[in-house]
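S.K.: Dropping a prediction and its sequence here:
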Amino acid sequence: MGDQRENGRQQILDVIRTTESIARIDIAKATGMSPATVTSITAELLSAGLIEEVAPDASAESRRGRPRVALRICGKARLIAGIKVSHHLISAVLTDFVGEELASHEMPLSQGRMPVQDLCTQILRTLEIACQKGNLSINDLSGVGVGIAGMVDAERNFVYWSSSLDERNVSLGDALAQVLPCPVFLDNDANLVAKAEHLFGEGRTCENFIVITIEHGVGMGIVIDGKIYRGSRGCGAELGHTKVHLEGALCQCGQRGCLEAYVGDYALLREANLSSGGARHATLASLFEAAQNGDAVARSILDRARRMFAMGLANVVNIFDPSKIILAGARLSFDHLYSDKVIEEMRHWVVQVDAPLPEVIVHDWGDLMWAKGAAAYGIEEVTTQTVKELANAAA
Ligand SMILES: [Zn+2]
């Protein structure tokens, strides 16, 4: 009975959140609960301050002529933060409980890979500045969602390996809990982009889709039946570390022949500087410019990256057959991986059937949008936790 009530609370909060505002009778219809149960649970959520009543719009009267009072999530109920740890940048966004952005801050990092304590200090500092900017107190935070590249067990807030940390097997959630005043919810960064796409991006109307992120490395988020698929150890969806070459190029994960060892930023620069016999290209922009100016070596490096990436995309289609693939990244100005040529080449490697290929969409997110995905995860987890607390209080 208690469980049923807990599920009911969660279900009602979910319905209210997805509809923005909704009358009690429509909640009953949407959830299949009795109007009496809806009234009793919403009364509880109202008194807990999680939802609020919206004054009825006089022009939008119900069929019986009596204006209906709608309910919506109370934005002020909780303060949430989303963090995205990139290779040389930490982005933080603060949102209310509805997901409305209140403040943000981006902090450059002098090094990409660091000890766990240093990363915790940098995250805390970024959050403090974001709070200052928004005139908010860090102590008012109810939860922080954190997205980081690598193999992350979201259930245990545990990082097996990340290109941002200089050691393996790190309880990053525990380490962050030592410095932050609220619960921390950790996930792989590509999963959080997939969450952001599902909640407010290109995946809104789609229940089965794949997000592929290209940054320092190559990430993937899988959404099946509207839910993120994480694998049993939290190590799934590592498209960047699928093997495309036996005994091939060395990857930052320590193995050889991984896809990202051919298409990641670091891999391209490594190749470019190898072949020039020195540090000719310090940035991807410089390599890209050389290719555009007809430099044969630069062209061949980008060309191979494009073909490798197309092969990776085709493998994804052959395994998952998603209805949509969203290519997301902040560096889309380097369009060798996002061009029509890539899609064309992918076509050759996809198993041929008489049905249209999945739609491939390019979506240019900034780092702050990734942080927003992390905040959305924070909101979700804080909601679940709050519902549990209500259940315990009622027991
Ligand atoms: Zn690898």
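M.R.: Structure received.
S.K.: where exactly do the helices run in the chain?
M.R.: Along the chain, counting by DSSP state H, helices occupy 2-19, 24-31, 35-47, 116-133, 172-179, 189-200, 260-263, 265-276, 284-292, 296-320, 340-349, 367-394.
S.K.: Reformat those as a markdown table; add mean neighbour count and mean pLDDT.
M.R.: (Glycine included, C-beta is placed from N, CA and C.) Listed next are the helices of the chain as a markdown table, based on neighbours: other CB atoms under 10 Å; pLDDT from 0 to 100:
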| stretch | mean neighbour count | mean pLDDT |
| --- | --- | --- |
| helix 2-19 | 16 | 87 |
| helix 24-31 | 17 | 94 |
| helix 35-47 | 16 | 94 |
| helix 116-133 | 18 | 97 |
| helix 172-179 | 17 | 96 |
| helix 189-200 | 27 | 87 |
| helix 260-263 | 27 | 92 |
| helix 265-276 | 18 | 82 |
| helix 284-292 | 17 | 88 |
| helix 296-320 | 19 | 93 |
| helix 340-349 | 15 | 89 |
| helix 367-394 | 21 | 88 |
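S.K.: mind putting the ones you listed in a markdown table, distance to the ion included?
M.R.: Putting the helices of the chain into a markdown table (distance: least, CB to the ion, whole Å) gives the following:
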| stretch | distance to the ion |
| --- | --- |
| helix 2-19 | 37 |
| helix 24-31 | 44 |
| helix 35-47 | 46 |
| helix 116-133 | 21 |
| helix 172-179 | 20 |
| helix 189-200 | 15 |
| helix 260-263 | 6 |
| helix 265-276 | 10 |
| helix 284-292 | 19 |
| helix 296-320 | 12 |
| helix 340-349 | 21 |
| helix 367-394 | 21 |
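S.K.: Between the ones you listed, which one is closest to residue 166.
M.R.: helix 116-133 (8.3 Å; CB to CB).
S.K.: So what touches stretch 22-38?
M.R.: Identification of contacts with stretch 22-38 by CB atoms under 8 Å, 6 or more residues apart in numbering yields 8, 11-12, 15-16, 19, 39, 41-42, 62, 68-72.
S.K.: What is the neighbour count of residue 208?
M.R.: Close neighbours of residue 208, defined as other CB atoms under 10 Å, add up to 16.
S.K.: so what's it up against?
M.R.: 223, 224, 225, 320, 322, 323, 324 are the contacts of residue 208 under CB under 8 Å, 6+ apart.
S.K.: Check whether residue 211 really touches residue 326, as I assumed.
M.R.: Yes - counting by CB atoms under 8 Å, residue 211 does reach residue 326; the two are 4.7 Å apart.
S.K.: Which residue of these two possesses the greater neighbour count?
M.R.: residue 211 (33 against 25).
S.K.: any idea how far the more buried one lies from the ion?
M.R.: Look at residue 211 and the ion: by CB to the ion, to the nearest Å, they are 19 Å apart.
S.K.: I'd like to know how far that residue sits from residue 329.
M.R.: Per CB to CB, to the nearest Å, residue 211 is found 10 Å from residue 329.
S.K.: Check residue 368 too.
M.R.: Distance from residue 368 to residue 329, by CB to CB: 14 Å.
S.K.: Likewise for residue 175?
M.R.: From residue 175 to residue 329 the distance is 28 Å (CB to CB).
S.K.: Then residue 201?
M.R.: Taking CB to CB, one finds residue 201 at 13 Å from residue 329.
S.K.: Kindly report the same for residue 6.
M.R.: In terms of CB to CB, residue 6 sits 39 Å off from residue 329.
S.K.: Which residues does residue 243 form beta bridges with?
M.R.: residue 258 (DSSP bridges).
S.K.: Just give me the neighbour total for it.
M.R.: Residues lying near residue 243 (other CB under 10 Å) number 14.
S.K.: Spit out the contact partners of it.
M.R.: 255, 257, 258, 259.
S.K.: near the ion, from these?
M.R.: When those are checked against the ion using CB under 5 Å from the ion, the ones in range are 255, 258.
S.K.: TSV for the contacts of residue 243, including pLDDT and neighbour count?
M.R.: Below are these laid out as TSV (pLDDT from 0 to 100; neighbours: other CB atoms under 10 Å):
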residue	pLDDT	neighbour count
255	94	12
257	95	17
258	95	27
259	95	26
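S.K.: How about residue 194: what's its closest non-neighbour residue?
M.R.: Nearest non-adjacent residue to residue 194, counting by CB to CB, 6 or more residues apart in numbering: residue 221, 2.8 Å away.
S.K.: I'd say the one you found and residue 196 touch.
M.R.: No - with contact defined as CB under 8 Å, residue 221 does not reach residue 196; the gap is 9.3 Å.
S.K.: just to revisit the earlier point, between all of the contacts of residue 208, which two are separated the most?
M.R.: Across these, no pair lies farther apart than 225 and 324, at 14.1 Å, counting by CB to CB.
S.K.: picking that back up, give me the common contacts of residue 201 and residue 329.
M.R.: Joint contacts of residue 201 and residue 329 (CB under 8 Å, 6+ apart) are residue 365.
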